[in-house]
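Colleague: What shape does this take:
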Amino acid sequence: MTRRAARQRPGCPCGLPETYDRCCGRFHRGESAAPTAEALMRSRYTAFVRLERDYLLRTWHPRTRPGSLDLDTGMRWTGLEILDTTDGSAFHGSGTVTFRASFKGGSLHERSRFERVDGAWVYVDGEFLG
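Modeller: This next block holds a predicted model:
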């Protein structure tokens with residue numbers, strides 16, 4: 001094992017134990033759609049970690065999607081904690097996910113709203129919670 005491989009944390013950046021390719025990577029590549037609002041939230045966090053701009057825009061609600069998205073290549077995301085979910089399953093049309101995303105030097109605490117558009121979960125907007 002190389003030194004680089006030994007330092008890498010196992011699992012996906014979203015915090016689940018599966019590898020990136022088997023977890024969020026399949027959503028980023030368009031092989032499947034996130035089945036729940038929480039899965040979409042996790043995949044979007046991972047997209048910020050991996051600078052997957054196209055995926056972030058593709059999974060943003062058309063009503064609230066920005067025209068462009070500039071990602072900070074210097075940002076170092078360090079972890080995701082899901083604090084609460086409301087609805088957002090295969091049986092719902094909307095849902096919320098409250099989370100804390102940590103980065104080097106701080107964290108972001110947000111309650112995000114999601115809706116289904118043409119059967120797929122998309123991010124609508126979020127409320128910062130301090």
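Colleague: Where do the helices of the chain begin and end?
Modeller: Counting by DSSP state H, the chain has helices at residues 3-7, 24-28, 37-50, 53-58.
Colleague: Could you say which of these is packed most deeply?
Modeller: Across the helices of the chain, averaging neighbours per residue (mean count of other CB atoms under 10 Å) puts helix 37-50 on top, at a mean of 23. All C-beta atoms are positioned from the backbone trio N, CA, C, and that covers glycine.
Colleague: Please tell me how far the closest residue to residue 99 other than its chain neighbours sits from residue 60.
Modeller: Nearest in space to residue 99, with sequence neighbours left out and distances taken as CB to CB, 6 or more residues apart in numbering, is residue 82 at 5.2 Å. Here the distance between residue 82 and residue 60 works out to 20 Å (CB to CB, to the nearest Å).
Colleague: same check, this time on residue 27
Modeller: Plainly put, residue 27 is 14 Å away from residue 60 if you go by CB to CB.
Colleague: Run through the bridge partners of residue 121.
Modeller: Partner residues in beta bridges with residue 121: residue 116, with DSSP bridges as the criterion.
Colleague: How many residues are close by it?
Modeller: By the criterion of other CB atoms under 10 Å, residue 121 has 28 neighbours.
Colleague: any idea of the pLDDT on it?
Modeller: As summarised for this prediction, residue 121 has a pLDDT of 98.
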